[in-house]
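S.K.: Need a 3D model of the sequence below.
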Amino acid sequence: MDYTTITLQIRDNVALITLNRPDKFNALNGQMRAELTHAIRAAPKDGARVVVLTGAGKAFCSGQDLGDRANAVDADLERTLREEYGPLVLAITECPVPTISAVNGPAAGAGANLALAADVVIATESAYFLQAFTRIGLLPDAGGTWALPRQMGIAKAMGAAMFAEKISARQADEWGMIWEAVPDDDFAALWQARAAHLAQGPTEAYKAVKTAIRQSFENDLDGQLSAEAQLQGACGKTRDFQEGVMAFLEKRPAKFEGR
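M.R.: From the prediction side, this is the model:
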């Protein structure tokens, strides 16, 4: 697929997907949603062991491009969410390798919730998150009503959704929305180091971590213990487990193959 609204680069097993409409603050139109979904699904098949999402220019993503249609008020929002946003969010959450959102600037509306769908969110301190939906008479979508209460708790999620106020990267860090907020000058080097670490790690173990943690909200303790046992049994049969044990015994860094 030829990409016109994003760029995709795979280097050293790291897939860097950049939302590339800086003149529109990387607002999401139909073409971008299709390209993002395709790129996220394709990257692991092309050798990526981690997928990073970031934005070109000053913003991560300003959300839905309200100028994408001749008359945004007449848009079929249910169809758009079911057929375009839903598959995109699932492509991120179900990606078989770790996903990182490197939030380089403001993330608003659906853009905020796409960022929060990643396994790890790293934001520059000058960035912010904004659930802007009620400003135009809507509720958070693109998975926002699923992610926010799990990451922030119900009280903070309700306030964020209803008041539609900016949440600074530092607040997001303190509230548990994201993994970390870092100084602007250190941002690029830090997320690149995080991505490199995951790209060299035990891919099957990371996949099992993603599965177990996401399933935990649906299981009782007994069910979760069973899921852990099943997943751990599979991890114990991988070459990475054998390498990890040998490296520990030999007091050397492990060299994981991702299988």
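S.K.: so which strand or helix has the closest residue to residue 215 other than its chain neighbours?
M.R.: Leaving aside its sequence neighbours, residue 215 sits nearest to residue 227 (C-beta to C-beta, 6 or more residues apart in numbering; 5.6 Å). C-beta: built from backbone N, CA, C; applies to glycine. In the assignment (DSSP states H and E), residue 227 maps to helix 221-235.
S.K.: what's the spacing between that helix and its chain's center?
M.R.: 25 Å (C-alpha atoms, centre = their mean, to the nearest Å).
S.K.: And for stretch 160-178?
M.R.: Offset of stretch 160-178 from its chain centre (C-alpha atoms, centre = their mean): 16 Å.
S.K.: Okay, buried residues for it please.
M.R.: Taking 16 or more other C-beta atoms under 10 Å as the neighbour-count basis, stretch 160-178 is seen to contain the buried residues 160-161, 164, 167, 169, 171-173, 175, 177-178.
S.K.: cool, stretch 213-228 as well?
M.R.: 224, 227.
S.K.: Put the alpha carbons of that stretch into CSV.
M.R.: Extracted in CSV, the C-alpha atoms of stretch 213-228 (Å, rounded to 0.1, in the frame of the first residue of the first chain):
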residue,chain,number,x,y,z
ILE,A,213,-3.2,-7.8,31.4
ARG,A,214,-6.0,-7.0,29.0
GLN,A,215,-7.9,-10.2,29.9
SER,A,216,-7.6,-9.5,33.6
PHE,A,217,-10.5,-7.1,33.5
GLU,A,218,-12.8,-9.8,32.4
ASN,A,219,-11.6,-12.6,34.7
ASP,A,220,-12.0,-13.4,38.3
LEU,A,221,-8.9,-14.4,40.2
ASP,A,222,-9.3,-18.1,39.5
GLY,A,223,-9.8,-17.4,35.8
GLN,A,224,-6.8,-15.2,35.7
LEU,A,225,-4.6,-17.7,37.5
SER,A,226,-5.6,-20.3,34.8
ALA,A,227,-4.8,-17.8,32.0
GLU,A,228,-1.4,-17.1,33.5
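S.K.: just to revisit the earlier point, return the subset of the buried residues of stretch 160-178 lying in helices.
M.R.: Among the buried residues of stretch 160-178, the members found in helices (DSSP state H) are 160-161, 169, 171-173, 175.
S.K.: Show me how the protein divides into domains.
M.R.: In the domain annotation for the chain, the residue ranges read 6-199, 203-249 (automatic domain parsing).
S.K.: which of those is buried the deepest?
M.R.: domain 6-199 (a mean of 19; mean count of other C-beta atoms under 10 Å).
S.K.: just how off-centre is it within its chain?
M.R.: Centre to centre, stretch against its chain (C-alpha atoms, centre = their mean), the figure for domain 6-199 is 6 Å.
S.K.: State the mean pLDDT of it.
M.R.: Averaged across domain 6-199, the pLDDT comes to 95.
S.K.: distance of residue 30 from residue 110?
M.R.: 13 Å (C-beta to C-beta, to the nearest Å).
S.K.: cool, and residue 15?
M.R.: Noted for residue 15: a distance of 21 Å to residue 110, by C-beta to C-beta.
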